[in-house]
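> here's a sequence, model it:
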Amino acid sequence: MINVQVLVSCMYQDKNILNESNLFHDAVVINQCDCSDEKVCNFNNNIIWVDSPERGLSRSRNRAIVLSSADICIISDDDELFIDNVHKKVGAIYAEYQDADLIIFDIKNHSNKLKQQIHYLSIIELFHVSSVRITFRRESILRKGIMFDINMGSGTGNGGGEEVDFLLRCYKKGLRILYYPLTIASLRESESKWFSGYDEQFFYQRGTSTRHMLGLPLSILYAFYYAYSHKHEYEKSISTWKALYQMFNGIIENRIKSNL
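Reported below is the predicted structural model:
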């Protein structure tokens, strides 16, 4: 039988987050808070709760992966409400698609730009996947030495993009990433911990993260693509030329590499 665990990353939460997420068994919760040392508690029904002084979303996800004992992991934030029997349903799909190393599912109230049919994702499609839709065979990513980059994501000052970086490295190392059009959760309304609007900082960080993921030539091409394909989303906040200028600043300064 396939064992499935949900890996929850949160901050300043208590055990009520499990009820609010419809999770009553098989979960690893990393709660970043103002404790002095990490405290790990094991509860009934295979639930691990960790209070941690660390900061950073990628650190939280990596810690959950290490503590998990599951065959299959489901990535989660603190604003999701999972469907009933999500562990069983996800496990059944992995049992059916045994050659899939990662499976991307749907989230209600969340945009989906992937074609609505079961298929293995191309490298371009990975840029349209958010972290809360990602599930994976734990052994597959550990065998390839893939974890979330701690220089990216909420809490780093470098903006988001850690999930795309994670998927790109999985893809480049030969792991197979399947899309399956099943809705496994819905999103509750919450305030993003890193997105504060389409301002100059957002575009600077977008340039920084894409340079880190793609290198110089491809990140420049991506900057033009992003500026024009997302114009309808940001044009009320900032001009296209200003958005491009800030992305190029992030690309040229290459801040993530300099901090390694």
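> look at residue 180 and give its secondary structure.
Look at residue 180: counting by DSSP: H, G, I helix; E, B strand; the rest coil, its state is strand.
> thought it was touching residue 96?
No: with contacts counted by Cβ atoms under 8 Å, residue 180 stays clear of residue 96, the gap being 9.2 Å. Where C-beta positions appear, they are placed from N, C-alpha and C, glycine not excepted.
> ok, these two, which is more surrounded?
residue 180 (19 against 10; other Cβ atoms under 10 Å).
> from residue 103, how far out is that one?
Distance, residue 180 to residue 103, using Cβ to Cβ, to the nearest Å: 5 Å.
> can you show me the strands along the stretch 1-150 of the chain?
For the stretch 1-150 of the chain, the strands defined by DSSP state E, counting those that start in this stretch occupy 4-11, 27-32, 39-43, 47-52, 72-76, 80-82, 102-108, 119-120, 134-137.
> to residue 224, which of those strands lies closest?
Across the strands of the stretch 1-150 of the chain, residue 224 has its closest neighbour in strand 102-108 (26.3 Å, Cβ to Cβ).
> the closest one pairs with which strands, and in what direction?
strand 134-137 (antiparallel), strand 177-187 (parallel) (DSSP bridges).
> that older thread, of the strands of the stretch 1-150 of the chain, which is nearest residue 228?
Using Cβ to Cβ, the strands of the stretch 1-150 of the chain put strand 102-108 closest to residue 228, at 25.6 Å.
> follow-up on the earlier one: which residues do residue 180 and residue 103 both contact?
93, 97 (Cβ atoms under 8 Å, 6 or more residues apart in numbering).
> for the closest residue to residue 40 other than its chain neighbours, which residues are in contact?
Computed as Cβ to Cβ, 6 or more residues apart in numbering, the closest residue to residue 40 that is not its neighbour in sequence is residue 50, at 5.2 Å. Contact partners of residue 50, counting by Cβ under 8 Å, 6+ apart, are 28-31, 38-41, 63-64, 67.
> measure residue 50 to residue 39 for me?
7 Å.
> thought residue 223 was touching residue 249?
No: counting by Cβ under 8 Å, residue 223 stays clear of residue 249, with 10.4 Å between them.
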